[in-house]
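[1] The following block contains a protein sequence and its predicted model.
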Amino acid sequence: MSSFKIFDVAGTGMSAQSVRLNTTASNLANADSVSGDPTQVYKAKHPLFEAIRSGIGAKAATTGVSVKGIVESQSAPTARYEPGNPLADTKGFVYAPNVNTVEEMVDMISASRSYQNNVEVMNTAKDMMLATLRLGQ
């Protein structure tokens, strides 16, 4: 395996964590949005990751991660009785997405740390390669 594969692996990890950060930010931005129709409420989004494998059978090796897709939460929206709200339905209810802001913040911190770890892997690999090149001087 080439020494340069580490950059590909860390790069795919950074890309995946970037998608995770963006979906979490979207969830947090829409956490307080409301609608008068429960089918039109914002649904929280979460990325689905998949390992990139090269080779076949026992010789297969994981060479990174990819985003297989973005899935929407199937949890029911939260109904709140607000008859004065202009978006309220005929019964006086507005519907809010079932987004847990604490869980989303924890997910954002985790994604940020994972991104930082991948950056550190790339920097360490770069430093090791430069040190190896200096051995011949």
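    Alright, I've got the coordinates.

[2] shaky segments in this structure?
    1-2, 57-60 (pLDDT under 70).

[3] By residue count, tell me the biggest strand in it.
    Looking across the chain with DSSP state E, the single longest strand is strand 61-72.

[4] Report all helices and strands that that one contacts.
    On a contact count with 3 or more CB pairs under 8 Å, 6 or more residues apart in numbering; DSSP states H and E, strand 61-72 meets helix 5-29, strand 45-54. The way it works is simple: take the backbone N, C-alpha and C, and place the C-beta from them, glycine included.

[5] Show me what counts as buried in stretch 78-96.
    Across stretch 78-96, burial judged by 16 or more other CB atoms under 10 Å covers 88, 93, 94, 95, 96.

[6] Just name the closest of those to residue 48, please.
    For those, the minimum distance to residue 48 (CB to CB) is 24.6 Å, reached by residue 96.

[7] so what's the closest one bridging to?
    Under DSSP bridges, the beta-bridge partners of residue 96 are residue 78.

[8] That one touches residue 78, doesn't it?
    Yes - proximity of residue 96 to residue 78 meets the contact threshold set by CB atoms under 8 Å, at 4.7 Å.

[9] coming back round to it: chain center to the longest strand of the chain, what's the gap?
    10 Å (CA atoms, centre = their mean, to the nearest Å).
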